[in-house]
Structures are given as structure tokens and as C-alpha cells.
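Asker: Sequence and computational prediction follow.
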Amino acid sequence: MPKERPHVTKGQAIAFKPDYLDARVRLGIALEKKGDLDGGEAEVRDVLRLKPDSESAHSTLCGLLIDRGKSEQRISYCREAIRLDPDSAASHFVLAVALEQKGDFKAALTEYRAVDTLATTLPTLRDAARKKSEELSAKLTP
């Protein structure tokens with residue numbers, strides 16, 4: 001009979017091994033979802049301090065900053081995430097959202113179309129990108 005593994009929370013995992021960066025990125029997301037925007041942003045920024053080439057931390061920080069209205073910062077984090085992993089559909093999607101919110105609809109459309117191409121195993125994300133592409137195409141077509 002297999003031994004049961006004890007349940008460990010992300011907080012416990014982080015306390016045990018502070019360089020467990022994936023858990024720290026997820027903790028940042030959880031903090032943001034619970035309304036602790038400063039705590040979520042701080043957690044993800046700390047991951048970037050420890051691992052500046054973390055695509056997931058850059059992409060997550062971009063998403064967190066979208067929610068906080070920090071437009072120029074968020075776009076630079078999105079672009080860095082894509083530089084680190086050009087095939088990340090999620091990073092292209094958050095960049096598209098940031099560009100759309102900034103009013104750069106042509107660039108946003110380009111990013112949504114990239115998501116449509118890249119998100120072959122992520123049908124929900126692909127469908128959302130297709131819907132946004134259609135909406136922006138209609139806005140841009142006279």
C-alpha cells in the first residue's frame with residue numbers, strides 16, 4: 001500500500017525552500033485574487049529578483065499590473081516574457097490585453113492573432129483570443 005504524502009501548503013513549501021519560485025509566482029496570484037494587490041506584486045517581483053529570466057514571473061507581473069493600471073510597466077514585462085519564451089500563448093494574451101487597454105488596437109490584434117496560432121492545446125485561451133480578434137477587427141475596419 002503506497003504511503004500517503006502529507007498535504008503541504010504553498011506557504012509551507014516556500015518557508016521550507018524559499019527558492020521554490022513556481023510556488024512563489026502562484027502565491028503572488030493567490031494574494032492578488034484575495035485582494036492583496038501589493039502583496040501579490042511584491043511576491044512576484046521578489047521572484048524576478050531571484051530569477052530575472054523567469055518567463056512566468058514576467059508574464060504574471062504583467063497581468064497583475066494590468067489589474068493595477070500601471071500601463072507602461074506592464075507592457076515592458078509582457079514583452080520581456082515573450083522575449084524569454086516567444087511561444088508562450090499566455091504571455092502574448094496578456095500583452096494583447098495591455099495593448100488594447102492602452103488603445104493600441106493594431107498591435108493588440110497582432111498579439112491576439114499570435115495567441116490563436118500558439119494556443120493549440122489551450123482551447124479556452126484560443127477561443128478568447130479569436131473573439132477579441134473579431135471585436136478588434138470590427139473596430140479597425142471602416
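Answerer: Done, it's in.
Asker: Would you mind giving the secondary structure of residue 61?
Answerer: helix (DSSP: H, G, I helix; E, B strand; the rest coil).
Asker: quick one: what helix or strand has the nearest residue in space to residue 48 that is not next to it in sequence in it?
Answerer: Once flanking residues are discounted, residue 48 sits nearest to residue 57: 5.0 Å by Cβ to Cβ, 6 or more residues apart in numbering. Bear in mind the C-beta positions are built from the backbone N, C-alpha and C, glycine included. Using DSSP states H and E, residue 57 maps to helix 55-68.
Asker: Over to residue 139?
Answerer: helix 123-140.
Asker: ok so, going back, wait, the residue nearest to residue 48 touches residue 25, no?
Answerer: Yes. Assessed by Cβ atoms under 8 Å, residue 57 is found in contact with residue 25 at 5.3 Å.
Asker: Overlap in contacts, the two.
Answerer: Shared contacts of residue 57 and residue 25 (Cβ atoms under 8 Å, 6 or more residues apart in numbering): 44, 47.
Asker: okay, those two: which has more neighbours?
Answerer: Shown here are residue 57 and residue 25; by other Cβ atoms under 10 Å, residue 57 has more neighbours (28 against 24).
Asker: What are the buried residues along the helix holding residue 57?
Answerer: 55, 56, 57, 58, 59, 60, 61, 62, 63, 64, 65, 66 (16 or more other Cβ atoms under 10 Å).
Asker: dump the residue contacts of the last one.
Answerer: Which is residue 66. 74, 94, 97, 98, 101.
Asker: Put together CSV for those, with pLDDT, secondary structure and distance to residue 34 on each row.
Answerer: Converted to CSV, the contacts of residue 66 look like this (pLDDT from 0 to 100; DSSP: H, G, I helix; E, B strand; the rest coil; distance: Cβ to Cβ, whole Å):
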residue, pLDDT, secondary structure, distance to residue 34
74, 88, helix, 20
94, 93, helix, 20
97, 92, helix, 21
98, 90, helix, 23
101, 88, helix, 23
